[in-house]
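K.L.:
Sequence first, then the predicted structure:
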Amino acid sequence: MEKMPENLGTREGLEAALAAYLPPEGGHQERVIDAMRDAFLAGGKRVRPRLMERVYRACGGEGAEILPFMAAIEMIHTSSLIHDDLPAMDGDTLRRGRPTTWVTYGEDMAVLAGDGLMIYAFETAEKALDMGADPKRVARAMGVLARETGIYGMIGGQTADVYWTGKPLTEELLTFIYENKTGALVRACAKIGAIMAGAGEELISAAVRMADCVGFAFQIRDDILDITADEATLGKNVGSDERNQKTTYVSLHGLKAAQEAVEAYSRQALDLLGSFPGDTGELEAMVRRLATREK
Ligand code: GRG
């Protein structure tokens, strides 16, 4: 079994471990690879790979074979940001403190870079097999990655979000959008972390429920920051929801109730962590931090 890099716990260690999975520069695909690498390497909080790693450990996982999946989820997340920023969607010009991919590389390359990263994620995840991971776990985890990314996950949520923009939204639809647009990848992190650690069905399901609470809290906090934060801190455009006439938890319930909901969902997530067999200290700290994050 390959061991985790010693410094994976540091920001630099995680960055290096993730970057090692990117396609190398050059070739006739150079332009799209540059766009993929730039978007990926621009930073970001790396919440999803961290969450996956911590659930993996909290479920008893010890090897390094979770790393390809950690890189894969961040690739899929980055691909969604590239597409979300396109003029056909939110038309944003600032992301992770830099001009968005379509601004730098053009809309054509941004579409291709998003597609490229999304599919390269699956090539990347498959590398877990070369590290000696159990093929059954890898196959199941890849299925989760595909489903939570696709029409029954993130793309499904984004579809409803785009389609209902500017129209009155019910609470039920808003819940569907949050559970999928943002929640699906967070859920994938927890489910894949648990599966790759060899967790039983009960623990996998507790991990999923925990992630559902985290995903909700994360998206509501995102809505709050879109109103209250400044662009320099956030590294992306603010006021995007209002500009795009989006109904959010905040527009339906107000800022105070929204933050109360963030805290309630975070508490539920913390309660669920009580049933995990491994060390959950880092996971708990992460859930607490996300509830009050400023970026
Ligand atoms: C790429 C084929 C393809 C489809 C993409 C556009 C789309 C479909 C989905 C959009 C999903 C989306 C952007 C959801 C919002 C999730 C969210 C809260 C993003 C912000 O995440 P952070 O704060 O960002 O973790 P950083 O930059 O820190 O990684």
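P.N.:
Perfect, I can see it now.

K.L.:
Now do the SS call for the residue in the stretch 1-150 of the chain that the ligand sits nearest to.
P.N.:
When distances are taken as C-beta to the nearest ligand atom, the stretch 1-150 of the chain approaches the ligand most closely through residue 44, which lies 3.0 Å from it. For the C-beta atoms, the positions are set from N, CA and C on the backbone; glycine is no exception. Reducing the assignment at residue 44 to three states with DSSP: H, G, I helix; E, B strand; the rest coil gives coil.

K.L.:
Quick check: the nearest residue to it once chain neighbours are set aside vs residue 181, distance?
P.N.:
With sequence-adjacent residues excluded and distances taken as C-beta to C-beta, 6 or more residues apart in numbering, residue 44 is closest to residue 96, at 5.3 Å. From residue 96 across to residue 181, the span is 19 Å (C-beta to C-beta, to the nearest Å).

K.L.:
what's the answer for residue 129, then?
P.N.:
With C-beta to C-beta as the criterion, residue 129 and residue 181 are 30 Å apart.

K.L.:
Show me which of those two is the more surrounded one.
P.N.:
When residue 129 is set against residue 181 and neighbours are counted by other C-beta atoms under 10 Å, the residue ahead is residue 181, at 23 against 15.

K.L.:
Just give the closest residue to the more buried one, not the sequence neighbours.
P.N.:
Spatial nearest neighbour of residue 181, excluding adjacent residues (C-beta to C-beta, 6+ apart): residue 157 at 3.2 Å.

K.L.:
got it, and residue 43?
P.N.:
Among residues not flanking residue 43 along the chain, residue 96 sits closest, at 4.9 Å (C-beta to C-beta, 6+ apart).

K.L.:
Repeat that for residue 195.
P.N.:
For residue 195, the spatially nearest residue (C-beta to C-beta, 6+ apart) is residue 141, at 4.9 Å.

K.L.:
Let me know how buried the one you found is, in neighbour terms.
P.N.:
Other residues near residue 141 number 27, with proximity taken as other C-beta under 10 Å.

K.L.:
Ok, residue 91 next?
P.N.:
Around residue 91 sit 15 other residues, with neighbours defined as other C-beta under 10 Å.

K.L.:
do residue 152 as well
P.N.:
13.

K.L.:
What helix or strand is residue 278 located in?
P.N.:
In this assignment (DSSP states H and E), residue 278 forms part of neither any helix nor any strand.

K.L.:
Tell me where the stretch 51-200 of the chain is predicted with low confidence.
P.N.:
Per-residue confidence for the stretch 51-200 of the chain (pLDDT under 70) gives no ranges below the cut-off.

K.L.:
my guess is the residue nearest to residue 44 meets residue 237, correct?
P.N.:
No - proximity of residue 96 to residue 237 does not meet the contact threshold set by C-beta atoms under 8 Å, at 11.6 Å.

K.L.:
rewinding a little: tell me which element the residue nearest to residue 181 is part of?
P.N.:
Element membership of residue 157 [criterion: DSSP H and E] is helix 154-164.

K.L.:
for the stretch 101-250 of the chain, what spans make up the strands?
P.N.:
Ranges of strands in the stretch 101-250 of the chain, per DSSP state E, counting those that start in this stretch: none exist.

K.L.:
Please give the number of neighbouring residues around the closest residue to the ligand within it.
P.N.:
When distances are taken as C-beta to the nearest ligand atom, the stretch 101-250 of the chain reaches nearest to the ligand at residue 158, 3.6 Å away. The tally of other residues near residue 158 (other C-beta under 10 Å) stands at 20.

K.L.:
mind listing what's buried in stretch 238-248?
P.N.:
When neighbours are counted by 16 or more other C-beta atoms under 10 Å, the buried residues of stretch 238-248 are found to be 238, 240-241, 246-248.

K.L.:
Max pairwise distance over those residues: which two?
P.N.:
Using C-beta to C-beta, the two most remote members of the buried residues of stretch 238-248 are 238 and 247, lying 17.4 Å apart.

K.L.:
which parts of the helix ranked longest in the chain are buried?
P.N.:
Ordering each helix of the chain by length in residues (DSSP state H) puts helix 201-228 first. Counting neighbours by 16+ other C-beta under 10 Å, one finds that the buried residues in helix 201-228 are 203-204, 206-226.

K.L.:
ok, back up a step: Provide the contact partners of the helix holding residue 157 at residue level.
P.N.:
Counting by C-beta atoms under 8 Å, 6 or more residues apart in numbering, helix 154-164 makes contact with 76, 80, 84, 89, 148-151, 173, 176-185, 246-247, all of which sit outside it.
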